[in-house]
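> Make a model of this:
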Amino acid sequence: MTTAAQDALLLARVVEGDHEAFNQIMRNHEGRVFSVCLRLMGNREQALDATQETFLTAFRKAGQFKGNSALGTWIYRIAVNTCYDHLRRQKRRRTDLIPEHLDPTDHSAQEALDSAALRPEIQRALATLPPDFRAAVVLSDMEGMALGEVAEVLGVPVGTVKSRVFRGRRQLARELGNRNQ
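Modelled structure (predicted):
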């Protein structure tokens, strides 16, 4: 049975009230959703909040899923929109973050969560991108999604994704010191 077929069966069980089925959906997608949120948000705590909110929204709206795309694509779209909402709110009330060296080490962090962390200079460069460019670059280059899937997640045409990825990469290259771009 394919992942899409398994997800469809699990979602049908969720709609009928099976909480364990939703837990399985979460286990299947949480690593990738957290990775997307971390790269879009640039902060582990905010990414964890966005990931949690993504799955709460998916649970509440499980009955509204129409099946026009893969369940994972639908969940990633919720994650991207959740991050956009958080970034908009954050822009309105900008605060200084606690420096990372003062952040206590989380010894219980899973290996998958640790591997989602980026080098600080890349994370800083990503943070300079407009959210639309950042989402396109993260989903295509870091998450390895096909351009068509990125277009579906972001709700824009493939040509728009191509443009955002190109422009985002160019800006990243400038930020990271590649002056040839």
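> what element comes up after the worst-scoring helix or strand of the chain on mean pLDDT heading to the C-terminus?
The weakest-scoring helix or strand in the chain, judged by mean pLDDT, DSSP states H and E, is helix 111-115 (a mean of 45). Where DSSP states H and E defines the elements, the next helix or strand beyond helix 111-115 is helix 120-128.
> Could you tell me how far the closest residue to Glu175 other than its chain neighbours is located from Leu40?
In space, and not counting its chain neighbours, Glu175 is closest to Ala125: 3.9 Å by Cβ to Cβ, 6 or more residues apart in numbering. The C-beta positions use only the backbone N, C-alpha and C, and glycine is treated the same way. Counting by Cβ to Cβ, to the nearest Å, the separation of Ala125 from Leu40 is 14 Å.
> between those two, who's got more neighbours?
More crowded of Ala125 and Leu40, by other Cβ atoms under 10 Å: Leu40, with 26 against 19.
> Show me the domain layout of this protein.
Using automatic domain parsing, the domain parsing of the chain gives 1-117, 118-181.
> avg pLDDT for stretch 157-170?
Averaged across stretch 157-170, the pLDDT comes to 94.
> same thing with stretch 8-16?
89.
> mind checking how far it is from the chain centre?
Relative to its chain's centre, stretch 8-16 lies at 23 Å (Cα atoms, centre = their mean, to the nearest Å).
> re the thing from before, any idea which of the domains of the chain has the lowest pLDDT on average?
domain 1-117 has the lowest average pLDDT among those, namely a mean of 81.
> from the chain's centre, how far out does stretch 158-177 sit?
Once both centres are worked out by Cα atoms, centre = their mean, stretch 158-177 turns out to sit 18 Å from its chain's centre.
> Okay, buried residues for it please.
161, 164-165, 167-169, 171-172, 175 (16 or more other Cβ atoms under 10 Å).
> Dump that stretch to CSV, restricted to CA.
Taking Å, rounded to 0.1, in the frame of the first residue of the first chain, the C-alpha atoms of stretch 158-177 are listed here in CSV:
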residue,chain,number,x,y,z
VAL,A,158,4.8,26.6,-11.1
GLY,A,159,6.3,29.6,-13.0
THR,A,160,5.9,31.7,-9.9
VAL,A,161,7.7,29.1,-7.8
LYS,A,162,10.6,29.0,-10.4
SER,A,163,10.9,32.8,-10.2
ARG,A,164,10.8,32.8,-6.4
VAL,A,165,13.4,30.0,-6.2
PHE,A,166,15.7,31.8,-8.7
ARG,A,167,15.4,35.2,-7.0
GLY,A,168,15.7,33.6,-3.6
ARG,A,169,18.9,31.7,-4.5
ARG,A,170,20.4,34.8,-6.1
GLN,A,171,19.7,36.8,-2.9
LEU,A,172,21.1,34.0,-0.7
ALA,A,173,24.3,33.9,-2.8
ARG,A,174,24.8,37.6,-2.3
GLU,A,175,24.1,37.3,1.4
LEU,A,176,26.6,34.4,1.8
GLY,A,177,29.3,36.3,0.0
